[in-house]
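In: Predicted model and sequence below, questions to follow.
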2 protein chains.
Amino acid sequence: MISHTEENYLKALFALTHAKGEATVNDVSKQLDIKMPTVNSMMKRMAEKGFVLYESYKPLKLTEKGKKEAALIIRKHRLTEMYLVEKMGFGWEEVHHIAEQIEHIQSPIFFEKMDELLAYPKVDPHGSPIPDANGKIVSENYTKLSDCKAGERVIFMAVAPSSEELLRFLNVRELILGSVITIESIEPFDESMTVSYVDRMEVFSSKVCDKLLVQPKRR
Amino acid sequence: MISHTEENYLKALFALTHAKGEATVNDVSKQLDIKMPTVNSMMKRMAEKGFVLYESYKPLKLTEKGKKEAALIIRKHRLTEMYLVEKMGFGWEEVHHIAEQIEHIQSPIFFEKMDELLAYPKVDPHGSPIPDANGKIVSENYTKLSDCKAGERVIFMAVAPSSEELLRFLNVRELILGSVITIESIEPFDESMTVSYVDRMEVFSSKVCDKLLVQPKRR
DNA sequence: CTTGCGTGTTAGACAAGACTAATATTTGTA
DNA sequence: TACAAATATTAGTCTTGTCTAACACGCAAG
């Protein structure tokens, strides 16, 4: 009923519309590395199928049906990532590429089994929330480390969608989700931060700090 | 390089050519439920790519390259089936449909990890041999239960490729791989067999006996 | 208020992978 | 051996998902 390709468009739209509620043809084109005319015609077809709201020269929106489908694909992706890390011993930097493929598998029992074996996890290995079986997803509401001030103590909750390189960077520096980070100082020139956590002290560029999602440590 | 579709043709050819070393266009057509002209044109394209030996109006053969590719896909399929049964708790009748999809995943580390976690299994949950990472596969050389004589004692080694229904039939009767089966008698009229194993005594139709692969019990 | 550039759309081509209808070859059998 | 049935092939169409080239819209800067 819904093709592999259409699933990829839904995922892209879901990610892009997360902020403003809408996305442009150009956004989708860049996100998927597919030329604009192709995206345009696909959007029309997906509008026919009731996944997308399309009007000429206006931004794209997902319908409720489209949002639900997208969330269910993201559910499969994130459950898979969690399974690969927790049950198969992969590193969090290795799992995205595999999950991109497994998310298209059609087999409810397969993903139910994963969910069960993982004891119904709420987040994936990067801290992103896993939508429930009805496509409901709780929004994260974390702060970027780069938006915090010197002296603050925060908990590292999630990594914003990013490259494997960042994850390997964090591996090397032994920074893991849940760590308490203290912002020792911020360099005014380039916004790089000197931070400490566990028994480490590191300097993170603003590019890194933009990708680390945190919440204030209580007390 | 090699499409999902082409992989399915390779698998079908491998299965069909297992016996005689060749298969007809008609065989492949039936096996994949794809019309003959489609198979015909696909065979020409796969011959161009060096997977198949094609000559007009002659039976199809796989090249060495084609055989190796096919064996590697079957390796992924059977490793996956073993993983699903051993590590995720699925029944042997549930795993074929899932493995049919996972076998197309492109990720060497994923299948290496499965292999490692399973401690390098030699056979899948149905007793079929798993090709090694170079595409080498040992042939089974088992006998059909239906070819055995009354009074023989045999070990149940594998199930010939078949339907889920047969596997559920065996589940209900608690017959598992490795069981020692004694052939109590054979009904001359319909070749049905009365067999005993563990503390059970059952009657199997010739259709069932055709699918049960066994080897003689030594001593 | 016009013009230029970025974005959006239309038109037309192409490859993969499927189909049907028609034709050709091979094979089994009278 | 000849003919009918089964099998194989050719030709042409369709859908999906991609592209490029060309044209249309719309907004920001002068």
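Out: Great, that's in hand.
In: From here on, just use CA atoms for contacts and neighbour counts.
Out: Noted.
In: Enumerate the residues of chain A near DNA strand C.
Out: Residues of chain A lying close to DNA strand C by CA under 7 Å from any atom of the strand are A:24-27, A:36-37, A:40-41, A:55-59.
In: List of residues touching stretch A:28-48?
Out: Here stretch A:28-48 makes contact (CA atoms under 8 Å, 6 or more residues apart in numbering or on different chains) with A:Glu6, A:Tyr9, A:Ala12, A:Leu13, A:Leu16, A:Val25, A:Asn26, A:Val52, A:Leu53, A:Tyr54.
In: picking that back up, next step: the residues of chain A next to DNA strand C restricted to helices.
Out: Using DSSP state H, the members of those that fall in helices are A:Val25, A:Asn26, A:Asp27, A:Met36, A:Pro37, A:Asn40, A:Ser41.
In: could I get those residues as JSON lines with neighbour count?
Out: What follows is these, written out as JSON lines (neighbours: other CA atoms under 10 Å in any protein chain shown):
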{"residue": "A:Val25", "neighbour count": "20"}
{"residue": "A:Asn26", "neighbour count": "15"}
{"residue": "A:Asp27", "neighbour count": "19"}
{"residue": "A:Met36", "neighbour count": "16"}
{"residue": "A:Pro37", "neighbour count": "12"}
{"residue": "A:Asn40", "neighbour count": "18"}
{"residue": "A:Ser41", "neighbour count": "11"}
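In: Next, give me the two most distant ones among those.
Out: A:Asp27 and A:Ser41 (14.8 Å; CA to CA).
In: what's in contact with the longest helix seen in chain A?
Out: For chain A, the helix reaching the highest residue count under DSSP H is reported as helix A:64-86. Applying CA under 8 Å, 6+ apart, the contact partners of helix A:64-86 are A:7, A:10-11, A:14, A:50-52, A:90-92, A:95-96, A:99-100, A:102-104, A:111, A:114-115, A:118, A:121, A:123-125, A:128, A:130-137.
In: chain center to that helix, what's the gap?
Out: Averaging C-alpha positions (CA atoms, centre = their mean, to the nearest Å) puts helix A:64-86 10 Å from its chain's average.
In: how about that helix as PDB, C-alpha atoms only?
Out: In PDB, the C-alpha atoms belonging to helix A:64-86 read as follows (Å, rounded to 0.1, in the frame of the first residue of the first chain):
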ATOM      1  CA  GLU A  64      -3.000  13.600  10.500                       C
ATOM      2  CA  LYS A  65      -2.900  10.300   8.600                       C
ATOM      3  CA  GLY A  66       0.500  11.300   7.300                       C
ATOM      4  CA  LYS A  67       1.800  12.300  10.700                       C
ATOM      5  CA  LYS A  68       0.700   9.000  12.100                       C
ATOM      6  CA  GLU A  69       2.300   6.900   9.400                       C
ATOM      7  CA  ALA A  70       5.500   8.900   9.800                       C
ATOM      8  CA  ALA A  71       5.500   8.400  13.500                       C
ATOM      9  CA  LEU A  72       5.100   4.700  13.100                       C
ATOM     10  CA  ILE A  73       8.100   4.500  10.800                       C
ATOM     11  CA  ILE A  74      10.100   6.500  13.200                       C
ATOM     12  CA  ARG A  75       9.000   4.200  15.900                       C
ATOM     13  CA  LYS A  76      10.400   1.200  14.000                       C
ATOM     14  CA  HIS A  77      13.600   3.100  13.300                       C
ATOM     15  CA  ARG A  78      14.200   4.000  17.000                       C
ATOM     16  CA  LEU A  79      13.100   0.700  18.400                       C
ATOM     17  CA  THR A  80      15.600  -0.900  16.000                       C
ATOM     18  CA  GLU A  81      18.400   1.400  17.000                       C
ATOM     19  CA  MET A  82      17.700   0.600  20.700                       C
ATOM     20  CA  TYR A  83      17.700  -3.100  20.000                       C
ATOM     21  CA  LEU A  84      20.900  -3.000  18.000                       C
ATOM     22  CA  VAL A  85      22.700  -1.200  20.900                       C
ATOM     23  CA  GLU A  86      21.100  -2.900  23.800                       C
END
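In: Give the buried residues for it.
Out: A:66-86 (16 or more other CA atoms under 10 Å in any protein chain shown).
In: for stretch A:97-106, same thing?
Out: In stretch A:97-106, counting by 16+ other CA under 10 Å, buried: A:Ile98, A:Ala99, A:Glu100, A:Gln101, A:Ile102, A:Glu103, A:His104, A:Ile105.
In: quick one: contacts for the third one?
Out: So the one you mean is A:Glu100. So A:Glu100 contacts A:His77 (CA under 8 Å, 6+ apart).
In: secondary structure element for it?
Out: helix A:95-102 (DSSP states H and E).
In: And DNA strand D, is that helix touching that?
Out: No. Figure legend: helix A:95-102 not in contact with DNA strand D (CA under 7 Å from any atom of the strand); closest approach 14.2 Å.
In: follow-up on the earlier one: quick one: which of the contacts of stretch A:28-48 is most hemmed in?
Out: A:Leu13 (27 neighbours; other CA atoms under 10 Å in any protein chain shown).
In: Next, the contact list for that residue, please.
Out: A:Ala23, A:Val28, A:Lys61, A:Leu62 are the contacts of A:Leu13 under CA under 8 Å, 6+ apart.
In: Please give the centre-to-centre distance between stretch A:87-97 and its chain.
Out: Worked out by CA atoms, centre = their mean, stretch A:87-97 lies 15 Å from the chain centre.
In: residues making contact with that stretch?
Out: With CA under 8 Å, 6+ apart as the criterion, stretch A:87-97 contacts A:Glu81, A:Leu84, A:Val85, A:Pro125, A:His126, A:Glu164, A:Glu165, A:Leu167, A:Arg168, B:Lys113, B:Met114, B:Leu117.
In: of these, buried ones?
Out: A:Glu81, A:Leu84, A:Val85, A:Pro125, A:His126, A:Leu167, B:Lys113, B:Met114, B:Leu117.
In: which one of these is nearest DNA strand D?
Out: Relative to DNA strand D, the closest of the buried ones among the contacts of stretch A:87-97 is A:Glu81; by CA to the nearest atom of the strand it sits at 23.5 Å.
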